[in-house]
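> could you look at this predicted model? Sequence included:
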Amino acid sequence: MDVRGRTVLVTGAGRGIGRAEALHLAAAGANVVVNDPGVEVDGSGGDAAVAAAVVEEIRAAGGRAVADTGSVAVWGDARAMVERAVETFGDLHAVVNNAAVEANRGIERLTEAEFDDVVAVKLKGTAAVTHWAAAHWRERHAAGQRVDRAIVNTASGSGLSNPLPGHTNYAAASAGVAAMTVVHALELGRRGVRVNCVSPSMVRTRLTRGVPGVDGAPARDPDVVAPLVAYLVADGCPLTGQVLSVRVGRITVQHGWSAGARAVTDGRWTVPELAAELPALPLPDPFAALAAALGGALGDAGRARLEAMIAAGLDA
Ligand SMILES: NC(=O)c1ccc[n+]([C@@H]2O[C@H](COP(=O)([O-])OP(=O)(O)OC[C@H]3O[C@@H](n4cnc5c(N)ncnc54)[C@H](O)[C@@H]3O)[C@@H](O)[C@H]2O)c1
């Protein structure tokens, strides 16, 4: 099971995790479309040299790659990326939706542009590239081609089990990407397309600069996710519809929202009945979820510390 001869479009492949994925895939024999407009963390600016440098690196090592500097947030650019893959290498076998920007701020101060920009890259960008890839694959399938195709989306723990304050836009987009993964696995399976999602955690890139715990250990290098992505992209991989989180050497199957306790009535609830029943159910505690995300358990003192930490982070 390998990626030799397969053409893979990796978005946001100029830096960090995406760059490591592109290098890994190319070294394993894939043709790689290195997409990246070379923007700042918040999506501003742009530098064509960022994608070009990765292409150079791949070619210097004897691999095959082409650069693309379009934005995944622009529907037409997403189409052009898919066309570039097909024009350059003859077909497109897989997409790794990896691009993201961040603008972390508490909801009270979050601007409309900060909300839109983050959601546009991670959520809409994933839908846009998947749309054009799926449209291409639909044509090929209708023409009788039967080839294993794959999409690998990229979520974040922030949108799955880790409710990080200040992440309204990023967490919502990330949760949406995980939800989209399962929907697209069901929609596209009939054309031989497998759709999975990786959720990196505590990987050392510019996005995690200054995050406590992201140290210089090799286990936190940006290439920690690449072997899993190569496996999910490989011809013959059986997985589809899965969201897999990756933290150092640990891959965890994510189960998403699951049903918990239940209150039931035969007729219509009244407000007093709800007031009596709902607080008595075993309800999840968001502070306990945050404490777990940060690697600890929650005691009374812990809750106060977390409240102070949230306030300090958001009001700074
Ligand atoms: N680093 C971590 O620990 C971590 C944790 C959780 C999730 N992730 C996810 O992993 C992915 C990669 O993150 P990273 O840490 O390598 O970040 P990074 O900032 O190092 O790299 C992201 C790349 O995406 C590019 N990009 C931004 N907007 C784009 C657009 N509109 N079109 C195409 N490319 C665009 C940027 O130019 C940048 O080179 C992201 O989806 C991120 O949400 C990372």
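On my side now, so go ahead.

> which parts of the protein sit against the ligand?
Taking CB under 6 Å from any ligand atom as the criterion, the chain approaches the ligand at residues 11-12, 14-18, 35-39, 41, 43, 50, 71-73, 98-101, 121, 125, 154, 156, 200-203, 205-208. Using the backbone N, CA and C atoms, a C-beta is placed for each residue, glycine as well.

> the residues you listed in strands, which ones?
Members of these lying in strands (criterion: DSSP state E): N35, T154, P200, S201.

> ranking by neighbours, what's the top pick from those residues?
Counting neighbours by other CB atoms under 10 Å, N35 comes out on top of those with 34 neighbours.

> and the longest helix seen in the chain, what's buried?
Counting residues, the longest helix found in the chain (DSSP state H) is helix 168-188. The neighbour-count check on helix 168-188 (16 or more other CB atoms under 10 Å) flags 168-182, 184-185, 188 as buried.

> check stretch 92-111 too.
Buried-residue list, stretch 92-111, by 16+ other CB under 10 Å: 92-106, 110.

> one more: stretch 203-219?
V203, R204, T205, L207, T208, V214.

> swap in stretch 30-49?
By 16+ other CB under 10 Å, the buried positions in stretch 30-49 come out as A30, N31, V32, V33, V34, N35, D36, P37, G38, V39, V41, G43.

> count the residues that sit near the residue in the chain positioned nearest to the ligand.
For the chain, the residue closest to the ligand is G16, as judged by CB to the nearest ligand atom, at 2.2 Å. Neighbours of G16 under the rule other CB under 10 Å: 22.

> again with the one 5 residues further on
Residues contacting E21 under the criterion other CB under 10 Å number 30.

> and if you look at L298?
17.

> that one reaches A291, doesn't it?
Yes - counting by CB atoms under 8 Å, L298 does reach A291; the two are 4.0 Å apart.

> show me where the stretch 1-150 of the chain has its strands.
Under the criterion DSSP state E, counting those that start in this stretch, the stretch 1-150 of the chain contains strands at 7-10, 31-35, 64-68, 94-96, 149-154.

> report the contact partners of the residue lying closest to G14 once chain neighbours are set aside.
Take G14 and drop its neighbours on the chain: the residue closest to it by CB to CB, 6 or more residues apart in numbering is D36, 3.0 Å away. Residues near D36 by CB atoms under 8 Å, 6 or more residues apart in numbering: 11-15, 18, 50-51, 54, 67-69, 99.

> how far does stretch 296-304 stretch from start to finish?
One end of stretch 296-304 sits 14 Å from the other (CA to CA, to the nearest Å).

> buried stuff in it?
Neighbour-count burial for stretch 296-304 flags L298, G302 (criterion: 16+ other CB under 10 Å).

> so that it lines up with my notes, have the first residue be 57 from now on.
Sounds good: first residue 57 from here, last item stretch 352-360.

> off-centre distance for it?
Centroid separation for stretch 352-360 versus its chain: 30 Å, with CA atoms, centre = their mean, to the nearest Å.

> stretch 133-145 too?
21 Å.

> try stretch 204-215
How far stretch 204-215 lies from its chain's middle: 5 Å, per CA atoms, centre = their mean.

> pLDDT (mean, whole number) over that stretch?
Mean per-residue pLDDT for stretch 204-215: 97.

> may I have it as PDB, with CA atoms only?
Output of stretch 204-215 as PDB, limited to C-alpha atoms (Å, rounded to 0.1, in the frame of the first residue of the first chain):
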ATOM      1  CA  ASP A 204      -9.100   4.800  -5.300                       C
ATOM      2  CA  ARG A 205      -9.500   8.500  -4.400                       C
ATOM      3  CA  ALA A 206      -9.000  10.100  -1.000                       C
ATOM      4  CA  ILE A 207      -9.600  13.300   0.900                       C
ATOM      5  CA  VAL A 208      -7.900  14.000   4.200                       C
ATOM      6  CA  ASN A 209      -9.300  17.000   6.100                       C
ATOM      7  CA  THR A 210      -7.600  18.700   9.000                       C
ATOM      8  CA  ALA A 211      -9.500  19.600  12.200                       C
ATOM      9  CA  SER A 212      -8.200  20.700  15.600                       C
ATOM     10  CA  GLY A 213      -8.700  19.400  19.100                       C
ATOM     11  CA  SER A 214     -10.000  23.000  19.600                       C
ATOM     12  CA  GLY A 215     -13.200  22.100  17.700                       C
END
